[in-house]
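**Student:** heads up, no residue letters with this:
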Ligand SMILES: [Cu+2]
């Protein structure tokens, strides 16, 4: 897909009215998240909340209105009125590659596939697997506090409503930021990210993980501060009408008309032990990080090479282990 970023589908205002960008159009909706450059100023644009305790509720509201807009279009085309956004469950090793529907360059009839975006890192479009270090939400789900302490908390620190702040929660770091960064292209830039259709499935998964976190219990609750609950954000609905609603309206997904399959969601570690490098055999030692590449690595069908610097202490420990083992062997 190669949309011209300066062009907008126009909402028909009749012969008399001035043409204004359609707030239910793909381009407009993506700019609500962010758009840099000499774009037309619209108050509804550049609203995404990052590095803040508003990260999760703002994006839930964004998805909610997006879903309504798409559903209205689906119904228009004769589709089911129960249509809902899918989520991309990349922490499941079986789904660690970009979903096939987003990788095929053409539709069955030979026309261009609008879900395919050439700007992505080629390895992602080639079906490369995202590594667990990027996709796992385990660290985030371990936090019991939505806000710090301990930092960074699950959902981020207390900030004002802000487009970009620096109080990222652990879920925003990983998998959220990491998946954005590894897909790259539009996904690597918040001012372009929502133009890539995979954005919506990625954020749907982040929203699901918020629900999964609450389901885990153990003191995991949403903030109770009125500063958070009463904060309002404005979005356009499927008719293009603007609504401003508080965070407190968006905390119970069943009241919003959706739930997530498989909640409580098992963590990747419980679901597929091998993929996390941890066996179920209690005699197996826990894995130990001895080194890491500096950049995320996409695994594809072709060989790749990467430099991994090994921690010196790990080298020394291994040498000691080997020395002890050979000493024991000699005793026999
Ligand atoms: Cu995002």
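**Tutor:** Good, I have the coordinates. Every value quoted in this text rests on a predicted model; they were computed, and no experiment measured them.
**Student:** CA only for contacts and neighbour counts going forward, please
**Tutor:** OK.
**Student:** Residue 155: how many residues sit nearby?
**Tutor:** 29 (other CA atoms under 10 Å).
**Student:** What residues does the residue lying closest to it once chain neighbours are set aside make contact with?
**Tutor:** Excluding the flanking residues, the one nearest residue 155 by CA to CA, 6 or more residues apart in numbering is residue 169, at 4.4 Å. With contacts defined as CA atoms under 8 Å, 6 or more residues apart in numbering, residue 169 is in contact with 51-53, 140, 146-147, 151-157.
**Student:** And residue 169, what's its pLDDT?
**Tutor:** Confidence at residue 169, expressed as pLDDT, is 96.
**Student:** Over to it: give its phi and psi.
**Tutor:** With angles defined as degrees, to the nearest 10, residue 169 shows backbone torsions of phi -80, psi 170.
**Student:** And it, how close does it get to residue 122?
**Tutor:** Look at residue 169 and residue 122: by CA to CA, to the nearest Å, they are 29 Å apart.
**Student:** can you check residue 115 too?
**Tutor:** On the measure of CA to CA, residue 115 and residue 122 end up 15 Å apart.
**Student:** Looking at these two, which has the bigger crowd around it?
**Tutor:** Taking residue 115 and residue 122 together and counting by other CA under 10 Å, residue 115 has the greater number of neighbours (18 against 15).
**Student:** quick one: that one from residue 125, how far?
**Tutor:** 11 Å.
**Student:** circling back: which among the contacts of residue 169 gets closest to residue 165?
**Tutor:** Nearest to residue 165 among the contacts of residue 169, counting by CA to CA, is residue 51 at 4.5 Å.
**Student:** Distance check, the closest residue to the closest one other than its chain neighbours against residue 36.
**Tutor:** Leaving out its chain neighbours, the residue that sits closest to residue 51 by CA to CA, 6+ apart is residue 168, at 3.9 Å. Using CA to CA, we find residue 168 at a distance of 22 Å from residue 36.
**Student:** The two: which is more packed in?
**Tutor:** Set side by side, residue 168 and residue 36 show unequal neighbour counts under other CA under 10 Å, the larger going to residue 168 at 25 against 12.
**Student:** With residue 60 as the reference, measure out to that one.
**Tutor:** 16 Å.
**Student:** Residue 129 too?
**Tutor:** From residue 129 over to residue 60 the distance is 27 Å, taken as CA to CA.
**Student:** ditto for residue 97
**Tutor:** Counting by CA to CA, the separation of residue 97 from residue 60 is 24 Å.
**Student:** Neighbour count for those two, which is higher?
**Tutor:** For residue 97 and residue 60, the more surrounded residue by other CA under 10 Å is residue 97, and the numbers stand at 25 against 22.
**Student:** ok so, going back, wait, which of the contacts of residue 169 is closest to residue 229?
**Tutor:** The nearest member of the contacts of residue 169 to residue 229, counting by CA to CA, is residue 53 at 10.8 Å.
**Student:** Let me know the pLDDT of the residue lying closest to the closest one once chain neighbours are set aside.
**Tutor:** In space, and not counting its chain neighbours, residue 53 is closest to residue 156: 4.4 Å by CA to CA, 6+ apart. pLDDT recorded at residue 156 is 96.
**Student:** what does the helix or strand harbouring residue 214 rub up against?
**Tutor:** Secondary-structure element containing residue 214, defined by DSSP states H and E: helix 198-215. For helix 198-215, the external contacting residues (CA under 8 Å, 6+ apart) are 56, 59-60, 63, 85-89, 102, 115, 137, 141, 171, 176, 187, 193-194, 220-222, 260, 263-265.
**Student:** Now, of those residues, which are buried?
**Tutor:** By neighbour count, with 16 or more other CA atoms under 10 Å, the contacts of helix 198-215 hold 56, 59-60, 63, 85, 87-89, 102, 115, 137, 141, 171, 176, 187, 193-194, 220, 222, 260, 265 as buried.
**Student:** Noted, bye for now.
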